[in-house]
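Asks: Give me a model of this one.
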Amino acid sequence: MQRDSAVHPSVIRLKQLSVRVGLSRSTIYDRINPRSSRYDATFPKPFKLGSFAVGWLEEDVSAWLQRCVSVSYNGSNSRSHKH
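Replies: All right, here's what the predicted structure looks like:
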């Protein structure tokens, strides 16, 4: 049986995200910080899970990784895609 991600979204936390995308915690925070020189508007956005917890949707992370692969394979050198 296949899970429908729209019905049962999967949430990953920072540690899992770091492993999944191969970036350090500080780099991830830079990618989501508009004031950082390493900001990436295409990077998946976190959302609050509680007062001190954030998470990312697995579906968003997978889509971002797929875009990174596509951009890399297609040889695009666009400044809007810092991967």
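Asks: going forward, measure contacts and count neighbours with C-alpha atoms only.
Replies: Will do.
Asks: Model confidence at residue 42, what's the number?
Replies: Looking at residue 42, its pLDDT reads 97.
Asks: Distance-wise, check it relative to residue 33.
Replies: 12 Å (CA to CA, to the nearest Å).
Asks: same deal with residue 49?
Replies: Taken as CA to CA, the span from residue 49 to residue 33 is 19 Å.
Asks: any chance you could map the strands in this protein?
Replies: 11-12, 47-48, 54-57 (DSSP state E).
Asks: Need the residues that contact the second one.
Replies: Contacting residues not belonging to strand 47-48 are listed as 54, 55, 56 [CA atoms under 8 Å, 6 or more residues apart in numbering].
Asks: if we go to 10 Å?
Replies: With contact meaning CA atoms under 10 Å, 6 or more residues apart in numbering, strand 47-48 is reached by 11, 53, 54, 55, 56, 57.
Asks: Would you mind listing which of those residues are buried?
Replies: 11, 55, 56, 57 (16 or more other CA atoms under 10 Å).
Asks: what's the first one in contact with, if anything?
Replies: So the one you mean is residue 11. So residue 11 contacts 17, 46, 47, 49, 54, 55, 56, 57, 58, 59, 60, 61 (CA under 10 Å, 6+ apart).
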